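Chemist: just a sequence and a predicted model for now, questions to come.
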Amino acid sequence: MRYTRKDDIIVARIDRGEEIVEEVKKIAEAEDITFGYMNAIAAIDDFCVCVYSVEEKKFYDHNYNGPYEVVSLGGPINKMNGQPYVHFHLSAASAEGNVVGGHLKYARVSGTCEMFIVLKDIPVTRVYDEETGLNIFDIE
């Protein structure tokens, strides 16, 4: 992974074999990101997306392997309990043109991942919500 920062914009390249969520967390820690938004495109070949059931307070995982093109990947980066926290959603198309998606757990890059992160000076962290079972924005 390589990245560069100018003012409130980070441009990153995540390389073949690297895992997207892990690499973004490294950037978030190195740059001490308190709040930002990430958007990316990529080629991936091993990933897991999930869908959350609020009633059951449970994620349903869906694992995929093979060549996929990321159609959309984005979401906020902030902190929870002082640690980097990422919340990304992904849509990816298979070689047949079928699109799958959901909450991103992990994705391994097969070609490259090109992303940008826009940083904002907004003091929003995360807090666990008992009602939904989710880590939600803590906005006062």
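Modeler: Yes, it's here.

Chemist: helices along the protein, start to end?
Modeler: 20-30 (DSSP state H).

Chemist: and residue 19, how far is that from residue 113?
Modeler: According to C-beta to C-beta, to the nearest Å, residue 19 and residue 113 sit 10 Å apart. For the C-beta atoms, the positions are set from N, CA and C on the backbone; glycine is no exception.

Chemist: the two: which is more packed in?
Modeler: Remark: of residue 19 and residue 113, residue 113 carries more neighbours, 26 against 18, as counted by other C-beta atoms under 10 Å.

Chemist: tell me what the more buried one is bridged to.
Modeler: Beta bridges link residue 113 to residue 14, residue 42 when assigned by DSSP bridges.

Chemist: do the same with residue 109
Modeler: Bridge pairing for residue 109 - DSSP bridges - gives residue 44.

Chemist: and for it, the neighbour number?
Modeler: 23.

Chemist: against residue 68, how distant is it?
Modeler: 11 Å.

Chemist: and for residue 81?
Modeler: From residue 81 to residue 68 the distance is 33 Å (C-beta to C-beta).

Chemist: with residue 138 instead?
Modeler: 34 Å.

Chemist: got a pLDDT number for residue 140?
Modeler: What the model reports for residue 140 is a pLDDT of 77.

Chemist: how far does the longest strand that the chain contains sit from its chain's centre?
Modeler: Determined from DSSP state E, the single longest strand within the chain is strand 58-80. Computed by C-alpha atoms, centre = their mean, to the nearest Å, the chain-centroid distance of strand 58-80 equals 6 Å.

Chemist: cool, and stretch 34-42?
Modeler: 7 Å.

Chemist: mean confidence for that stretch?
Modeler: The model assigns stretch 34-42 a mean pLDDT of 98.

Chemist: one more: stretch 6-17?
Modeler: Stretch 6-17 comes out at a mean pLDDT of 98.

Chemist: thank you kindly, that will do.
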